[in-house]
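> Let me see the structure of the following:
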Amino acid sequence: MRQDINDDDDDDDDDDDDGVDGDGWGAAGVEHQLGDVVETDALFAILKRPLPITFRVNRTQPGVEAVDADLQGFQGDLTYLDWCDAWQLNVGNVADIKQRTKPGSALHEWRQWLAARGKAKLIERQEVVSMLPVSLLQLEGHHRVLDMCAAPGSKTSQAADMMLARGAKVSKTTDGAAPGCVVANELDARRARILIGRLRPFAQSPALNIQVVNHKAQTIPASLACFEGQKNEKGFDRIICDVPCSGDGTLRKNPGLWAHWVPHYGLSLHSTQLQIALRGIALLRVGGRMAYSTCSLNPLENEAVVAALLRQAPVKLVDCSSVLGSLQVLEGLSSWDVIDDTGMVFSSHADAIRRSRPKRCVHRFRKSHFPPSDSARAAELRKCIRVLPHLNNTGGFFVALFERTSDPWPASKSTEHAKKKSLDKQRVVRELYNNRKDVTL
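Numbers count the residues shown, from 1 in each chain. Prediction:
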């Protein structure tokens, strides 16, 4: 077991790096968990730099040929990203461009080009790592797709554009296949209304059905996964499960984040993330695929959730290495420690129960927080994908691709216990009914 992390460093109000140099929980946690597999100096160095501008071309909009021609003729540090059909402009973020451009300069014209094409919906600004889940799902035009936590809608619009570009059918074909379908779920009503506006251009096509719903992701109704008139009427073909997370991989966009980050974030979010992912698997058809993702570097929000899914659900992990193209990634962690808010490091659930202080915090620790003891299952976690900022000049990201393998759901011990209690209750009710005495009033 690694030694505990001691928070000996007093917060320095004059430190402009907000924990990037190792001051603060976020940096300490990353160095503790990833220090054996990552060059942390290179990682922390790039975290001080702003993100490049990344965008993708909406392939289904009229005028896309002119956009492609402009991009091919651009003189500058513009990189095509083959794995997601997107572009990266390495001149800093929008704020930098505004400061460094003057009317008449090449960058000034480029900024105007970006703004005009974005307003016309010809391009879509989206962080490059955010494109990874949809790219891995390899959507086709006929697929039935669910985005469980859809707002602000970048992944949903990416999915819709990909499906239309890959030949969504206007009418039913001889094999009974209907037009593709995208269901976008968002809990917050205000964000759901914004989502509707963002998806409206895609809804105008008769080749794709789009529905925006307003549910808690953990309890999305099964009725949404029933599709009338199709051979396999139950279950989505593809699910985007980008769950709420601590966001500790987004430091380049939110420089002050790590100064306020504490281990409790990952400990508390883990259960919600697992519940959402389990609901996603329940809504997935056998043979269907779900991309689970976060913008966190914390294994409690990533590999720990994946390990729990492998243990509890009828799924397997899919090896995605063949579709990553030029993207440089790290494999998932097979072991990690759990850290509490006092800096203590625990290697097992029993260790946490025994040593945690104060004892009233023991309930925070769950067995699923800790790495699997089964070596075969731990080895499976290496199929997960970690994207660290210094590898591709991006933000931090995690994604795992699942495939549902069977139906029905395997019964757990708790399920069997609940079933036995129900049968016992029914038996007692029958006995009371059979032994009743008729009373005449």
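> Am I right that residue 183 falls within a strand?
Yes. Residue 183: assigned to a strand according to DSSP: H, G, I helix; E, B strand; the rest coil.
> Now do the contacts for it.
Shown in contact with residue 183 (C-beta atoms under 8 Å, 6 or more residues apart in numbering): 144, 145, 146, 147, 211, 213, 224, 236. Any C-beta I mention is one placed from the backbone N, CA and C, and that applies to glycine too.
> so the third one sits in a helix?
Spelled out, that is residue 146. No. Counting by three-state DSSP, one finds residue 146 to be strand, located in no helix.
> So it sits against residue 235, correct?
No. Look at residue 146 against residue 235 with C-beta atoms under 8 Å: they stay out of range, at 9.7 Å.
> shared neighbours, the two?
What both residue 146 and residue 235 touch, as defined by C-beta under 8 Å, 6+ apart, is the set 225, 283.
> which one of these two has more residues nearby?
Between residue 146 and residue 235, counted using other C-beta atoms under 10 Å, the more crowded position is residue 146 (30 against 21).
> Skipping adjacent residues, who's closest to residue 79 in space?
Spatial nearest neighbour of residue 79, excluding adjacent residues (C-beta to C-beta, 6 or more residues apart in numbering): residue 88 at 4.6 Å.
> Surely the one you found and residue 126 touch.
No. Taking C-beta under 8 Å as the contact criterion, residue 88 and residue 126 are not neighbours in contact, 11.1 Å apart.
> what do the two both touch?
The overlap between the contact sets of residue 88 and residue 126 (C-beta under 8 Å, 6+ apart) consists of residue 54.
> mind giving me the domain ranges of the protein?
For the chain, the TED database gives the domain ranges 34-48+128-336+371-416, 52-126.
> now the last one, how far from the chain's geometric center?
Put simply, domain 52-126 sits 25 Å off its chain's centre (C-alpha atoms, centre = their mean, to the nearest Å).
> End to end on it, go ahead and measure it.
Separation of the first and last residues of domain 52-126 by C-alpha to C-alpha, to the nearest Å is 11 Å.
> Quick one: low-confidence residue ranges for the stretch 1-150 of the chain.
The stretch 1-150 of the chain contains residues with pLDDT under 70 at 1-29, 35, 75, 91-102, 104-106.
> Do you have the strands of it handy? List them.
53-57, 78-81, 86-89, 123-125, 144-147 (DSSP state E, counting those that start in this stretch).
> now these as CSV including distance to residue 284?
Rendered in CSV, the data for the strands of the stretch 1-150 of the chain read as follows (distance: least, C-beta to C-beta, whole Å):
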stretch, distance to residue 284
strand 53-57, 26
strand 78-81, 28
strand 86-89, 27
strand 123-125, 26
strand 144-147, 8
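> re earlier: columns distance to residue 425 on top of the domains of the chain, output as a markdown table?
Written out in a markdown table, the entries for the domains of the chain read as follows (distance: least, C-beta to C-beta, whole Å):
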| stretch | distance to residue 425 |
| --- | --- |
| domain 34-48+128-336+371-416 | 15 |
| domain 52-126 | 52 |
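> Nearest to residue 345, out of those domains?
Each of those has some distance to residue 345 by C-beta to C-beta; the shortest is domain 34-48+128-336+371-416, at 9.9 Å.
> So which bits of the strand ranked longest in the chain are buried?
Scanning the chain for the strand with the most residues, using DSSP state E, yields strand 284-294. Of the residues in strand 284-294, those scored as buried under the neighbour-count criterion (16 or more other C-beta atoms under 10 Å) are 284, 285, 288, 289, 290, 291, 292, 293, 294.
> Downstream of that strand, the next helix or strand is which one?
Downstream of strand 284-294, the first helix or strand assigned by DSSP states H and E is helix 303-312.
> coming back round to it: by neighbours, which of the contacts of residue 183 wins?
residue 146 (30 neighbours).
> neighbours of the closest residue in space to residue 299 that isn't next to it in sequence, just the number please.
The shortest distance from residue 299 to any residue other than its chain neighbours is 4.0 Å, reached at residue 336 (C-beta to C-beta, 6+ apart). Other residues near residue 336 come to 20 when the count uses other C-beta under 10 Å.
> So residue 336, which state does it fall into?
Applying three-state DSSP to residue 336 yields a three-state assignment of coil.
> any idea how far residue 392 is from it?
Relative to residue 392, residue 336 is positioned 23 Å away (criterion: C-beta to C-beta, to the nearest Å).
> which of the domains of the chain is buried the deepest?
Using mean count of other C-beta atoms under 10 Å, the stretch among those with the largest mean neighbour count is domain 34-48+128-336+371-416, at a mean of 19.
> Off-centre distance for that one?
4 Å.
> OK, contacts around the closest residue to residue 397 other than its chain neighbours?
In space, residue 397 comes closest to residue 129 once its chain neighbours are excluded; the distance is 3.7 Å by C-beta to C-beta, 6+ apart. If a contact means C-beta under 8 Å, 6+ apart, then residue 129 has 295, 387, 394, 395, 396, 397 as its contacts.
> From these, which land in strands?
With strands identified by DSSP E, the entries of the contacts of residue 129 that belong to them are 387, 397.
> thinking again about what came up before, in terms of contact, does the residue nearest to residue 299 touch residue 33 like I think?
Yes. In this structure, residue 336 sits in contact with residue 33. The criterion is C-beta under 8 Å, and the distance is 5.6 Å.
> Which neighbours do those two have in common?
residue 299.
> correct me, but residue 67 touches residue 56?
No. Residue 67 is beyond contact range of residue 56, at 10.6 Å (criterion: C-beta under 8 Å).
> Which neighbours do the two have in common?
Shared contacts of residue 67 and residue 56, counting by C-beta under 8 Å, 6+ apart, come down to residue 123.
> And the residue nearest to residue 79, how far from residue 392?
In this structure, residue 88 and residue 392 are separated by 9 Å, where distance is defined by C-beta to C-beta.
> okay, and the common contacts of the two?
With contacts taken as C-beta under 8 Å, 6+ apart, residue 88 and residue 392 have residue 128 as neighbours in common.
> Mind picking the two most distant members of the buried residues of strand 284-294?
Considering C-beta to C-beta, no two members of these lie farther apart than 285 and 294, which are separated by 24.2 Å.
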